[in-house]
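**Q** Below: sequence and its predicted model.
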Amino acid sequence: MHLDQWKTAGEQLLRHWNRSGLGFIPASNAQDVAAAKDWLELQEAQFFTSTEPSAAPSEATAGLQERTENSYLASSSQSTQASAMGGLSLDRMEPTAVSAVASNGPAAGSDPVASRGPSSGTELPVLGVFQPWGAALDLPSRTVQLAQLDQQVKACRKCEEIACRRQRTVFGAGPSNARIVMFGEAPEAEEDRKGESFIGPAGELLDKILIASGLKREEVYILNALKCRPPNSRTPMEAEIENCRPFFESQLEIIQPDYIVCWGSIAARAVLKSTESIGRLRGRFHAYQGAKVLVTYPPSYLLRNVDAKRLTWEDMKMLMRELGIPVTKKPGTK
Ligand code: SF4
């Protein structure tokens, strides 16, 4: 078969895979991005638009994928605070930039929502107050402290129902000085078996999203709100997230990322203490300490709901612009 015919056949196969919602990064090629450049460029251009949705998922539709709404965070004072964030340095945040952001917050006594609400008239929440991280640890100290925290997690049995069923704890992994943290919900079955975050089909899709966004898994720190798998991967309970809060908050404090991407509503609740749906939280940056927080649909959902890929791609483009990564391809074009 002529080379062009092979390429055409390959492109058709990729489109088919994309339409099916399945990820496609050949294991060997994933190890060698340069060698797979042609394939990945094709993938980047087509992945998020393999099925062009006629419209964004409605709140009702989006709500179907989100976990049962809990009320445990409703009383959080943080969810009532807001900060208008923008104009940050693309490099690791400098104190001057931090001050500028902090000064952009709503004036004391003003309505924080009204003061930064979109012009459409729909009040979409911007959550959290930007507060610079504390003094940063040097790299060796971060590594040591994360390792100590991991040992505490391994010994933790605060959630009895979970602890007696888990196979392994899943602490998280990545550079201890990562600028970007990928924040998930809880381990699934395969992660529970292997003790690693975001593996299996959802993990492969995350890898693909990262590559399409000009990022690599090795560059980001990946962690979950819960360090243990709930039985049958059920929705994490309020008490379980609060039990695990000291662990993931300590992780974030040690790493001190500039950006946190929350994959799913449970992750968003853990970080932002908000009961808002993803549909109302996505599309703009929120704040957690000194990090800008982006909320989007989790890979496990995107595998089942191809139409939402476009929305996640829009969210990732926001992150890319912040990071100074050029968004060179128009989705849907080669
Ligand atoms: S989920 Fe977190 S708090 Fe609960 S047992 Fe596991 S490590 Fe401990």
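**A** Perfect, thanks for sending it.

**Q** Can you read off the pLDDT for His2?
**A** Among the per-residue scores, His2 shows a pLDDT of 52.

**Q** What strands flank whichever strand or helix holds Cys262, and is each parallel or antiparallel?
**A** For Cys262, the host element (DSSP states H and E) is strand 259-263. Strands that pair with strand 259-263, judged by DSSP bridges, come out as strand 180-184 (parallel), strand 291-296 (parallel).

**Q** Downstream of the first one, the next helix or strand is which one?
**A** Scanning the chain past strand 180-184 towards its C-terminal end, the next helix or strand to appear is helix 189-194 (assignment: DSSP H and E).

**Q** next one: the last one
**A** Tracing the chain past strand 291-296, the next element assigned as helix or strand by DSSP H and E is helix 299-304.

**Q** Which elements pack onto that following helix?
**A** Applying 3 or more CB pairs under 8 Å, 6 or more residues apart in numbering; DSSP states H and E, we find helix 299-304 packed against helix 200-212. Where C-beta positions appear, they are placed from N, C-alpha and C, glycine not excepted.

**Q** doesn't Thr275 make contact with Arg269?
**A** Yes - between Arg269 and Thr275 there is a contact under CB atoms under 8 Å: 6.6 Å.

**Q** who in this protein is up against the ligand?
**A** 153, 156-159, 162-163, 169, 226-228, 240, 243-244, 247 (CB under 6 Å from any ligand atom).

**Q** Doesn't Ile254 lie inside a helix?
**A** Yes - Ile254 forms part of a helix when assessed by DSSP: H, G, I helix; E, B strand; the rest coil.

**Q** That one: neighbour count?
**A** Other residues near Ile254 come to 21 when the count uses other CB atoms under 10 Å.

**Q** Could you do the one 3 residues further on as well?
**A** Around Pro257 there are 26 other residues, counting by other CB under 10 Å.

**Q** List the residues that contact it.
**A** 178-181, 221, 291 (CB atoms under 8 Å, 6 or more residues apart in numbering).

**Q** Can you lay out those as JSON lines showing pLDDT?
**A** Below are those laid out as JSON lines (pLDDT from 0 to 100):
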{"residue": "Ala178", "pLDDT": "97"}
{"residue": "Arg179", "pLDDT": "96"}
{"residue": "Ile180", "pLDDT": "97"}
{"residue": "Val181", "pLDDT": "98"}
{"residue": "Tyr221", "pLDDT": "97"}
{"residue": "Ala291", "pLDDT": "96"}
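
**Q** Now neighbour count too, for those, in JSON lines please.
**A** Below are these laid out as JSON lines (neighbours: other CB atoms under 10 Å):
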{"residue": "Ala178", "neighbour count": "18"}
{"residue": "Arg179", "neighbour count": "19"}
{"residue": "Ile180", "neighbour count": "25"}
{"residue": "Val181", "neighbour count": "26"}
{"residue": "Tyr221", "neighbour count": "25"}
{"residue": "Ala291", "neighbour count": "27"}
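
**Q** I am finished for the moment; much appreciated.
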